[in-house]
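Trainee: next one to model:
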Amino acid sequence: MRTASEHAKAIVKTTAPAIEKHGIEITTAMYKRLFQSEDVKAMFDQAAQESGEQPRRLAGAILAYAKNIDKLENLGPAVTRMVQRHVETGVKAEHYPYVAEALLPAIRDVLGADVATDEVLGAWGEAYWMLADILVAAEAEAYALAD
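Mentor: Below is the predicted model of the structure:
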């Protein structure tokens, strides 16, 4: 399982205010990129997209993660809900790269290259894959229990 370096965690924490201010813009831009693939788009509840509920929910989750990246135990209930939702909708390990490929550029698009530098995006990449590995492991366990 991948972990994020202490340096990356510190960078992610320092970007929390920007995430708080621009999170919905970031997640909206991320979904726009993600949904260029019709197969991926079909996995999502489009009513929740159109109402703005899903971008808001994801922005809140990203902010909570940024603020608690050094205290992941605080995120236990949120991770459990996310895992349940992912299992209900058929999310698998192979879907996570699509989100990374949409999220990281969306952060740069919204915050700009002067804020979302290569170092910042590298830190968010480390943080993303650390959380993705946690989710993938928990989802694999949930799928196994469901069988």
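Trainee: which residues in the chain form strands?
Mentor: Using DSSP state E, the chain contains no strands.
Trainee: in it, where's the longest helix?
Mentor: For the chain, the helix with the greatest residue count under DSSP state H is helix 118-146.
Trainee: contacts for stretch 91-110?
Mentor: Residues outside stretch 91-110 that contact it (CB atoms under 8 Å, 6 or more residues apart in numbering): 22, 25-27, 29-34, 37, 40, 43, 116, 120-121, 124-125, 128-129, 132, 135-136, 139-140. For every residue, glycine as well, the C-beta is placed using N, CA and C.
Trainee: give the buried residues for stretch 97-111.
Mentor: Across stretch 97-111, burial judged by 16 or more other CB atoms under 10 Å covers 98-99, 102-104, 106-111.
Trainee: so can I have CSV of these showing distance to L72 and pLDDT?
Mentor: CSV is the format used below for the buried residues of stretch 97-111 (distance: CB to CB, whole Å; pLDDT from 0 to 100):
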residue, distance to L72, pLDDT
Y98, 23, 95
V99, 19, 96
A102, 23, 97
L103, 19, 98
L104, 20, 97
A106, 23, 98
I107, 20, 98
R108, 25, 97
D109, 28, 97
V110, 25, 98
L111, 24, 97
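Trainee: just curious, which of these is nearest to R85?
Mentor: Nearest to R85 out of the buried residues of stretch 97-111 is V99 (CB to CB; 13.8 Å).
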